[in-house]
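Novice: What follows is a protein structure lacking sequence information:
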């Protein structure tokens with residue numbers, strides 16, 4: 001399957017989540033550098049979906065879990081004194097918020113609650129959770145180095161997010 005076909009499949013599989021109010025509200029919170037929480041989660045989700053698809057794993061759960069992995073819904077940049085605690089606790093907050101808004105399977109729950117391993121004591125217990133954990137770290141590095149636009153252009157064309165939105169709505 002070509003990258004364009006995988007992008008179409010991703011959009012079909014994730015569209016309901018991407019445009020839901022709780023996920024969309026993540027645009028209000030800055031994540032790494034100038035990248036907001038929504039954009040970070042979208043990149044983690046798409047990369048995780050691609051790898052899980054490539055390795056014949058549950059790519060739907062990988063993509064969904066990755067979209068929700070940082071759904072903590074508060075601004076960490078306003079009070080830097082809370083940052084060390086946030087690194088350890090935000091996965092639990094994200095899991096709580098995800099469960100409040102969506103029906104999750106066990107893989108998705110583990111993806112969300114274990115994505116901060118090894119900083120947290122919750123281990124990824126599926127291959128999908130390991131993939132999301134690694135793609136989260138890779139995405140954070142990409143974002144902190146200021147390479148988000150470069151990488152998303154390479155994987156999704158000239159404007160990755162617009163392309164995702166256009167495919168979801170058949171524009």
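Specialist: Perfect, I can see it now. The structure displayed is predicted, hence computed values, not measured ones. Numbering: from 1, shown residues only.
Novice: Can you get me a residue count around residue 40?
Specialist: As a burial measure, residue 40 scores 25 neighbours (other Cβ atoms under 10 Å). For glycine as for every other residue, the C-beta is placed from the backbone atoms N, C-alpha and C.
Novice: Test my guess that it contacts residue 70.
Specialist: Yes: in this structure, residue 40 is within contact of residue 70 by Cβ atoms under 8 Å, at 6.5 Å.
Novice: what residues are up against residue 61?
Specialist: 52, 105, 107-108, 111, 128 (Cβ atoms under 8 Å, 6 or more residues apart in numbering).
Novice: same thing but at 7 Å, please
Specialist: Residue 61 makes contact with 105, 107-108, 111, 128 under the criterion Cβ atoms under 7 Å, 6 or more residues apart in numbering.
Novice: Report the separation between the residue minimising distance to the centre of the chain and residue 123.
Specialist: The chain has residue 41 as the residue nearest its centroid, 2.7 Å off, counting by Cα atoms, centre = their mean. Distance of residue 41 to residue 123, computed by Cβ to Cβ, to the nearest Å: 21 Å.
Novice: for residue 57, same thing?
Specialist: Residue 57 is 17 Å from residue 123, by Cβ to Cβ.
Novice: Retrieve the pLDDT associated with residue 57.
Specialist: You'll see residue 57 listed with a pLDDT of 98.
Novice: same question, residue 81
Specialist: 52.
Novice: What of the one 5 residues further on?
Specialist: According to the predicted model, the pLDDT of residue 86 comes to 52.
Novice: Ok, residue 123 next?
Specialist: 79.
Novice: wait, doesn't it sit right on residue 116?
Specialist: No: counting by Cβ atoms under 7 Å, residue 116 is not a contact partner of residue 123; they are 11.0 Å apart.
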